[in-house]
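1. What would the 3D arrangement of this be:
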Amino acid sequence: MPSLPPSSKDKKFTLAQTGNSSPPSPSAAGTLQGQGLPNSLDAEQGLLAACIVDTSGEVIGRCMEQAISSDHFYDQSHQLIFEALLVLHKENLEADEILLADKLSDLGNLERVGGRDFIIQLTSRIETIAHAPFWLDIVKQKAILRKCIYVAFEIIDDANQLQGNIDDFLSGIEQRVCALGDQSNIRSSVPFREPVNHAMEQIQRMLSHEEMDGLLTGYKELDNLTNGFKPGEMIVLAARPSVGKTSLAMNIVENIAFNQKYESKPKNILVYSLEMSSTSLAMRMICGRARVNMNDLRRGFVRKDYAEKLNAISKEFQKASLWVDDTSGLSINQIRAKARRLKMRNHLHLIVVDYLQLISGDAKAMSRENQISEISRGLKAMAKELDVPVVVLSQLNRDSEKERRDPRLSDLRESGAIEQDADLVMLLGKHRKGEDIRESDQKGDSEESQGEDFEPIKLLLAKQRNGPTGSVDLAFRRKYTRFEVLQSEPRLN
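-> Now for the predicted structure:
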């Protein structure tokens, strides 16, 4: 059967799949039609014939499982036939030549596809449905290739007409290109025995203490409560200014980067430092790991033997799989685009964003609260899209200080959406007088740090979507900007 030119229905495919609000420009459309779009009419007809003659409904069911729609067919008559087949399937009617012809007639499309003779001719083309999965793959691949061409021309048109921010434009390009790959990776349903087997393998490793469920933070009591940070989770670490949320986040990054368990397979970590410069962050982490007072170092009051120690620590960090981006004023789209690009080159295991309120919001939003809500949803979407835990630092309002109490979820600044989107919320609060703080872990300190004053800090797990809430007592060595665990067991709520 000769190929028909792309129809208005074909342009609908462009809109539905790319999310653009208008079809390619006339010049682009003319170029597309002049060169011919990728298609396989034989595969389309073979798949349609298999759907008609298959009395079990398996072929049409496989098409629906793979999200095949009429838009995946290039030929207009094939689109109309597949639409009628979907209607019959929805009505629980077995498709055959007679019922299909009647349905097309009811829809007013029988003559448009070539009449009953064409349907009979279609089914006579195949002797078996055994090759239906191969025909389905060909139809799907050709549709994706057509979409690639449409997206390419849309990008050209948008570039010629660009009047907005270039970074947002580049981010939009990456989103559209990545969406092309997402549609080619639709997973089929699997027998439940497969995930059960995978779960039992993981359970056996956990029972033998080989591994926990997620990424270990290096704080044993915290890991016992959370079983580690898991891919796809949005983890919020919130505190008032100067309590130490950046220090704790960087201590966690350091613990993961230098965890002996991960030496054979280093963990790649990306840090967005929207507040501190990358150099300041590096100096803080080097001095903290070396147990050197950074203020003494600036004044030149540090022993000479510390120079070798600092040099050795700096070499450790140079070998670590860490990336840092200290660009200020990034938007959520820019953050997602940069993370997506890095993951394409290097598999990411953790992303840290310091901190949420410094991310630029959409100027069109009605209020800052709406902007924060949009940013929060974007961070959660990034965690799911990249399948990586995302640790987001956030500010708390002043209520806990005014009322002299522990911080709580309602203290999250500017938006309740943060509480809703987060899978895990950790709040840092100072201990009040009269609380019992055990300092048994101080015995293992190095000689130069013995006698060091510890500032007691309570880490509250105010929300955990898949686990208990509770608290862990920490001690903050302010001169080293390091957190240490005080008590041997976490407190469960």
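2. By mean pLDDT, which helix or strand of this protein comes out lowest?
-> Ranked by mean pLDDT, DSSP states H and E, the weakest helix or strand in the chain is helix 8-18, scoring a mean of 36.
3. gap between the residue of the chain positioned farthest from its centre and residue 54?
-> Going by CA atoms, centre = their mean, the residue of the chain most distant from its centre is residue 117, 50.4 Å out. In this view, residue 117 and residue 54 are 21 Å apart by CB to CB, to the nearest Å. Glycine gets a C-beta too; all of them are placed from N, C-alpha and C.
4. Ok, residue 298 next?
-> 77 Å.
5. higher neighbour count, those two?
-> Between residue 298 and residue 54, counting by other CB atoms under 10 Å, residue 54 is the more crowded of the two (17 against 11).
6. residue contacts, that one?
-> Residues near residue 54 by CB atoms under 8 Å, 6 or more residues apart in numbering: 60, 129, 132.
7. Distance from the chain centre to the helix ranked longest in the chain, please.
-> Taking DSSP state H as the criterion, the chain has its longest helix at helix 132-160. Per CA atoms, centre = their mean, to the nearest Å, the displacement of helix 132-160 from the mean C-alpha position of its chain is 24 Å.
8. Name the residues of that helix that come out as buried.
-> For helix 132-160, a neighbour-count test (16 or more other CB atoms under 10 Å) marks 132, 135-136, 138-140, 142-144, 146-147, 149-151, 153-155, 157 as buried.
9. cool, and stretch 287-300?
-> For stretch 287-300, a neighbour-count test (16+ other CB under 10 Å) marks 287, 288, 289, 290, 291, 292, 293, 294, 297 as buried.
10. Quick check: phi and psi at the spatially closest residue to residue 142 that is not a sequence neighbour.
-> Spatial nearest neighbour of residue 142, excluding adjacent residues (CB to CB, 6 or more residues apart in numbering): residue 38 at 4.8 Å. With angles defined as degrees, to the nearest 10, residue 38 sits at phi -60, psi 130.
11. any idea how far residue 145 is from residue 38?
-> For residue 38, the distance to residue 145 - CB to CB - is 4 Å.
12. where exactly do the strands run in the chain?
-> Counting by DSSP state E, the chain has strands at residues 234-239, 269-273, 322-325, 350-354, 390-395, 424-430, 455-464, 470-477, 482-485, 491-492.
13. wait, which of those is closest to residue 303?
-> strand 470-477 (18.1 Å; CB to CB).
14. Please find the angle between the direction vectors of that closest one and strand 455-464.
-> Orientation note: strand 470-477 sits at an angle of 150 degrees relative to strand 455-464 (axes from the mean of the first three to the mean of the last three CA atoms, to 10 degrees).
15. pLDDT of strand 470-477, averaged?
-> For strand 470-477, the mean pLDDT works out to 82.
16. Show me what that strand packs onto, helices and strands only.
-> Contacts defined by 3 or more CB pairs under 8 Å, 6 or more residues apart in numbering; DSSP states H and E place strand 470-477 against helix 220-226, strand 455-464, strand 482-485, strand 491-492.
17. among these, where is the model least confident on average?
-> When these are ranked by mean pLDDT, strand 491-492 comes last with a mean of 59.
18. what's around the nearest residue to residue 77 once chain neighbours are set aside, how many residues?
-> Sequence neighbours aside, residue 113 is the residue nearest to residue 77 in space, at 4.1 Å (criterion: CB to CB, 6+ apart). Per other CB under 10 Å, the neighbour tally for residue 113 reads 21.
19. now do residue 86
-> By other CB under 10 Å, the residues close to residue 86 number 18.
20. That one contacts residue 68, correct?
-> No - the pair residue 86 / residue 68 is not scored as a contact, 9.5 Å apart, by CB atoms under 8 Å.
21. Pull the contacting residues for residue 89.
-> Applying CB under 8 Å, 6+ apart, the residues near residue 89 are 57, 60, 61, 64, 95.
22. any idea which of the residues you listed is closest to residue 320?
-> Among those, residue 64 lies closest to residue 320 (CB to CB), at 47.1 Å.
23. per-residue confidence for that closest one?
-> Taking residue 64 on its own, its pLDDT is 80.
24. what's the spacing between it and residue 70?
-> Residue 64 sits 12 Å away from residue 70, going by CB to CB.
25. Between the two, point out the one with more neighbours.
-> The residue with more neighbours, out of residue 64 and residue 70, is residue 70; 18 against 13, by other CB under 10 Å.
26. Mind pulling up the pLDDT for that one?
-> For residue 70, the pLDDT comes out at 87.
27. what's the span of stretch 56-70 from first residue to last?
-> The first residue of stretch 56-70 is 21 Å away from its last residue (CA to CA, to the nearest Å).
28. Show me where the stretch 1-150 of the chain has its helices.
-> Applying DSSP state H, counting those that start in this stretch to the stretch 1-150 of the chain gives helices spanning 8-18, 26-35, 41-53, 58-65, 76-90, 97-106, 110-113, 115-123, 132-160.
29. Which of those has the lowest mean pLDDT?
-> Ranked by mean pLDDT, the helices of the stretch 1-150 of the chain bottom out at helix 8-18, which scores a mean of 36.
30. Run a quick neighbour tally on residue 105.
-> Neighbour count for residue 105, taken as other CB under 10 Å: 14.
31. oh, I was asking about residue 338
-> 20.
32. ok, it to residue 344 distance?
-> Using CB to CB, residue 338 is found at 11 Å from residue 344.
33. Closest to residue 464 out of the buried residues of stretch 287-300?
-> Nearest member of those to residue 464, counting by CB to CB, is residue 288, at 27.4 Å.
34. List the contacts of that closest one.
-> 247, 250, 251, 254, 480, 481, 482.
35. just to revisit the earlier point, of all the contacts of residue 89, which two lie farthest apart?
-> Pairwise distances across the contacts of residue 89 (CB to CB) peak at 13.1 Å, for the pair 64 and 95.
36. All the helices of the stretch 201-350 of the chain, in order from the start?
-> Assigned helices in the stretch 201-350 of the chain, in chain order: 220-226, 245-257, 278-290, 294-299, 305-319, 332-345 (criterion: DSSP H, counting those that start in this stretch).
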